[in-house]
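1. take this sequence and fold it.
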Amino acid sequence: MADAGAEITIASPNGGQPSVDPKSELGNTQTPSTERFYKDTGLIDKVAYSLKLNDIKQQDMMLFFIPEETGHYGI
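-> You can find the predicted model right below:
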């Protein structure tokens, strides 16, 4: 989405660094997308300093993407 020019806002329940599934960081689970993520310091910072979900106004957003522990879905 960002490659297409979308402005990305990252939020988490408590703000700040969200928890990460430790299995997703194992060497044998890396994909081209995760390798790209780990090279993008700007995106890493955006995740590390995520906004608090309660501070996000629904009317300011076009899409909410909610990752889950075992997968994801978009609303």
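2. can you pull out the helices in the chain?
-> 32-39, 41-48 (DSSP state H).
3. distance of the closest residue to Val47 other than its chain neighbours relative to Gly27?
-> Closest residue in space to Val47, ignoring its immediate chain neighbours: Ile10 at 5.6 Å, by C-beta to C-beta, 6 or more residues apart in numbering. Quick note: C-beta positions are derived from backbone N, CA and C, even for glycine. Distance from Ile10 to Gly27, counting by C-beta to C-beta, to the nearest Å: 25 Å.
4. neighbour count winner among those two?
-> Taking other C-beta atoms under 10 Å, Ile10 and Gly27 do not tie; Ile10 has more neighbours (16 against 5).
5. for the more buried one, what are phi and psi?
-> phi -110, psi 130 (degrees, to the nearest 10).
6. separation between it and Gln58?
-> Distance of Ile10 to Gln58, computed by C-beta to C-beta: 16 Å.
7. next, count neighbours for the closest residue to Ala11 other than its chain neighbours.
-> Excluding the flanking residues, the one nearest Ala11 by C-beta to C-beta, 6+ apart is Leu51, at 4.4 Å. For Leu51, the neighbour count with other C-beta under 10 Å is 14.
8. spit out the contact partners of Leu51.
-> By C-beta atoms under 8 Å, 6 or more residues apart in numbering, the contact list for Leu51 reads 9-12, 15.
9. quick check, nearest of these to Ser33?
-> Ile10 (15.6 Å; C-beta to C-beta).
10. that closest one contacts Lys46, doesn't it?
-> Yes - at 5.0 Å, Ile10 counts as touching Lys46 under the criterion of C-beta atoms under 8 Å.
11. re earlier: now mean neighbour count and mean pLDDT too, for the helices of the chain, in a markdown table please.
-> Converted to a markdown table, the helices of the chain look like this (neighbours: other C-beta atoms under 10 Å; pLDDT from 0 to 100):
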| stretch | mean neighbour count | mean pLDDT |
| --- | --- | --- |
| helix 32-39 | 10 | 88 |
| helix 41-48 | 12 | 92 |
